[in-house]
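Engineer: can't give you the sequence, but here's the structure:
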């Protein structure tokens, strides 16, 4: 490599490291804000996050970054670089092209708005007061509509937002796969609702002290392979995983003393995200490639560990006795089969994160349709509660009694994450398709679960998915792992088989 190329490449990498240092500081500040920082300091904290975010933003679109990208991406230079350096530059160029179109002052205003809006949302949710949150949400939507103009419309306005979370995904593709999935699931849900056999789940709603829930959650995270020397578990209002750096990947959960399943499965879910981040190849950690490739693939891992592993009978054949040791009175006389059926009981519910595997995707389709209406059909933010309630009545036959269990239940919109929700259903579909391949290649999969030998499963996922970070696109991963493009039938097949057996259809 020529000396001039080496000098420019080293300077580019140093700039990337500086950007990542800002990111690490911001991630830590955000984590603190969501895990117990005093509410009265939230507005000032939001302003500080806005300032630091804008400084990071300016580095991403700086003349230095532009110079390095122009020089290093010249064809005669680019082809002399390693594959990691090439893909790192492409990712930096993608971020540069998007960010360059947004005025820094506008970016800072938006960052401060969304950071503080999340704190307002927490209080509004507690009070079930949409009017309190509405002006913040309206401004977020208005600013995103403005940003879409800066970024350029991809097919539809909403396509532009979808592409931020799942590169290459469009309304046209989602309408197709969601339509196929909905056509398979709605008749199955109707059969389940009419089934003469209904699992008992009341034992899940006794009093389960928070401390024991926390202890068991930590035990399960360790069993999964989560490294507590490179992470921690804390409590928050709405569970999340955040990556500070490759050696500091944190998870959060929320405990309900009258529901042992809620925190347990949110911990498994966030633990799945964390396993991905903790096992990205270390050679990618100082590059823009050192994280999960997309939210859809990320959600495939969180939903796999939460549901396809964590809600399986084989998993609980190993771990139910451990849960009973933590709650001997509450689970006295309950068999592993009763527990398995109880945690998989299907019933139409108002709360997405507490819904069962079968109906969960309808919660996502509702949000997807509402987001499309907001950005493609000019739905008013003021009308969101009304439309939300109508959609729940239409799809699930139930309607919220207040906005806290309705339109205010998720934090995502407060943070400006429009286009994110479809990732959950995509993750379910990716996960089922990947799991189909995993079962073929790890032929003793069920036996491993029954013995609590989860390491081979984690290592297979690391080899096929985690280690690659952003070196592979979502479509490259699904093709490389399964040999075909996204196919919703794997998820429908899995759910049909599982719920036919549970409900004795």
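Structural biologist: The structure has been received and is ready for your questions. Just so you know, these numbers come straight off a predicted model, no measurement behind them. Residues are numbered from 1 along each chain as shown.

Engineer: Give the full set of residues in contact with the residue lying closest to residue 247 once chain neighbours are set aside.
Structural biologist: Nearest non-adjacent residue to residue 247, counting by CB to CB, 6 or more residues apart in numbering: residue 230, 4.8 Å away. All C-beta spots, glycine's among them, are computed from the backbone N, C-alpha and C. With contact taken as CB atoms under 8 Å, 6 or more residues apart in numbering, residue 230 is in contact with 246, 247, 248, 249, 278.

Engineer: How about the backbone phi and psi for residue 230?
Structural biologist: Reported as degrees, to the nearest 10, the phi and psi values for residue 230 are phi -130, psi 30.

Engineer: Just the pLDDT for it.
Structural biologist: Residue 230 is assigned a pLDDT of 98 by the prediction.

Engineer: Give me the distance between it and residue 87.
Structural biologist: For residue 230, the distance to residue 87 equals 24 Å [CB to CB, to the nearest Å].

Engineer: that older thread, of the contacts of residue 230, which is the most crowded?
Structural biologist: Among those, the one with the most neighbours (other CB atoms under 10 Å) is residue 249, at 25 neighbours.

Engineer: In a strand, that one, correct?
Structural biologist: Yes: counting by DSSP: H, G, I helix; E, B strand; the rest coil, residue 249 falls inside a strand.

Engineer: What lies in contact with stretch 136-148?
Structural biologist: Counting by CB under 8 Å, 6+ apart, 102, 106, 109-110, 113-114, 116-117, 120-121, 157, 160-161, 374-375, 381-382, 384, 413-414, 416, 418 sit against stretch 136-148.

Engineer: now the strands for this structure?
Structural biologist: 233-235, 241-245, 248-253 (DSSP state E).

Engineer: can you list these in CSV and add mean pLDDT?
Structural biologist: Shown next, in CSV, are the strands of the chain (pLDDT from 0 to 100):
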stretch, mean pLDDT
strand 233-235, 97
strand 241-245, 97
strand 248-253, 98
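
Engineer: Tell me which of these lies nearest to residue 80.
Structural biologist: strand 241-245 (29.6 Å; CB to CB).

Engineer: OK, contacts around residue 484?
Structural biologist: 433, 478.

Engineer: mind checking pLDDT for it?
Structural biologist: For residue 484, pLDDT reads 97.

Engineer: how close does it get to residue 459?
Structural biologist: 24 Å.

Engineer: what's the answer for residue 138, then?
Structural biologist: 47 Å.

Engineer: can you give me the helices in the stretch 351-500 of the chain?
Structural biologist: For the stretch 351-500 of the chain, the helices defined by DSSP state H, counting those that start in this stretch cover 357-376, 384-396, 422-441, 445-451, 455-464, 474-482, 489-502.

Engineer: which other helices and strands contact the third one?
Structural biologist: Secondary-structure packing of helix 422-441 (3 or more CB pairs under 8 Å, 6 or more residues apart in numbering; DSSP states H and E): helix 157-165, helix 171-194, helix 295-303, helix 357-376, helix 455-464, helix 474-482, helix 489-502.

Engineer: For PyMOL, what selects the buried ones among the contacts of stretch 136-148?
Structural biologist: Those of the contacts of stretch 136-148 that count as buried under 16 or more other CB atoms under 10 Å are selected in PyMOL with:
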select buried, resi 102+110+113+114+116+117+120+121+157+160+161+374+375+381+384+413+414+416+418
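
Engineer: how about residue 439, what does it touch?
Structural biologist: Applying CB under 8 Å, 6+ apart, we find residue 439 in contact with residue 445.

Engineer: no no, residue 254
Structural biologist: Per CB under 8 Å, 6+ apart, neighbours of residue 254: 235, 236, 237, 238, 239, 262, 263, 266.

Engineer: cool, residue 313 as well?
Structural biologist: Counting by CB under 8 Å, 6+ apart, residue 313 touches 336, 337, 340.

Engineer: wait, which of those residues is closest to residue 310?
Structural biologist: residue 340 (11.1 Å).

Engineer: any idea how the protein splits into domains?
Structural biologist: 3-151, 171-502 (automatic domain parsing).

Engineer: if we compare these, which one ends up closest to residue 165?
Structural biologist: domain 171-502 (4.2 Å).

Engineer: how close does residue 429 get to residue 68?
Structural biologist: Taking CB to CB, one finds residue 429 at 38 Å from residue 68.

Engineer: my bad, residue 409
Structural biologist: 44 Å.

Engineer: More neighbours: these two, which one.
Structural biologist: Each of residue 409 and residue 68 has its neighbours counted (other CB under 10 Å); residue 68 has more, 23 against 19.

Engineer: Now do the contacts for that one.
Structural biologist: When contacts are counted by CB under 8 Å, 6+ apart, residue 68 is found next to 8, 11, 12, 15.

Engineer: From those, list just the buried residues.
Structural biologist: Using 16+ other CB under 10 Å, the buried ones in the contacts of residue 68 are 8, 12, 15.

Engineer: Name the nearest residue to the second one, ignoring sequence neighbours.
Structural biologist: Translated: residue 12. Per CB to CB, 6+ apart, closest to residue 12 is residue 68, 3.9 Å.

Engineer: Kindly report the same for residue 196.
Structural biologist: For residue 196, the closest residue by CB to CB, 6+ apart turns out to be residue 504, at 7.8 Å.

Engineer: ranking the helices and strands packed on helix 422-441 by burial, who's on top?
Structural biologist: Mean neighbours per residue, mean count of other CB atoms under 10 Å, is largest over those for helix 295-303, with a mean of 27.

Engineer: Report the inter-axis angle for that one versus helix 422-441.
Structural biologist: Put simply, helix 295-303 runs at 60 degrees to helix 422-441, going by axes from the mean of the first three to the mean of the last three CA atoms, to 10 degrees.

Engineer: Would you quantify the distance from the residue nearest to residue 12 to residue 9?
Structural biologist: Taken as CB to CB, the span from residue 68 to residue 9 is 8 Å.

Engineer: now residue 259
Structural biologist: Residue 259 is 53 Å from residue 9, by CB to CB.

Engineer: So those two - more neighbours on which side?
Structural biologist: residue 9 (21 against 15).

Engineer: so what's the more buried one up against?
Structural biologist: 1, 72, 81, 85.

Engineer: ok, the first one touching residue 80?
Structural biologist: The reference is to residue 1. Yes: at 6.0 Å, residue 1 and residue 80 qualify as touching, with contact defined as CB atoms under 8 Å.

Engineer: Pick out whichever of the two has more residues nearby.
Structural biologist: residue 80 (14 against 10).

Engineer: if we can go back for a sec, identify the farthest-apart pair in the contacts of residue 230.
Structural biologist: Every pair of those checked by CB to CB; the farthest is 248 and 278, at 9.5 Å.

Engineer: shared neighbours, these two?
Structural biologist: 230, 231.

Engineer: Output the longest helix belonging to this structure.
Structural biologist: Longest helix in the chain, counting residues (DSSP state H): helix 3-34.

Engineer: Provide the angle between the direction of that helix and the direction of strand 248-253.
Structural biologist: Relative orientation of helix 3-34 and strand 248-253, computed by the same axes, to 10 degrees: 30 degrees.

Engineer: What residues sit buried inside helix 3-34?
Structural biologist: Using 16+ other CB under 10 Å as the test for burial, helix 3-34 gives 5, 8-9, 12, 15-16, 19-20, 22-23, 25-27, 29-31, 33-34.

Engineer: any low-confidence regions in the stretch 1-150 of the chain?
Structural biologist: Scanning the stretch 1-150 of the chain for pLDDT under 70 picks out no residues.
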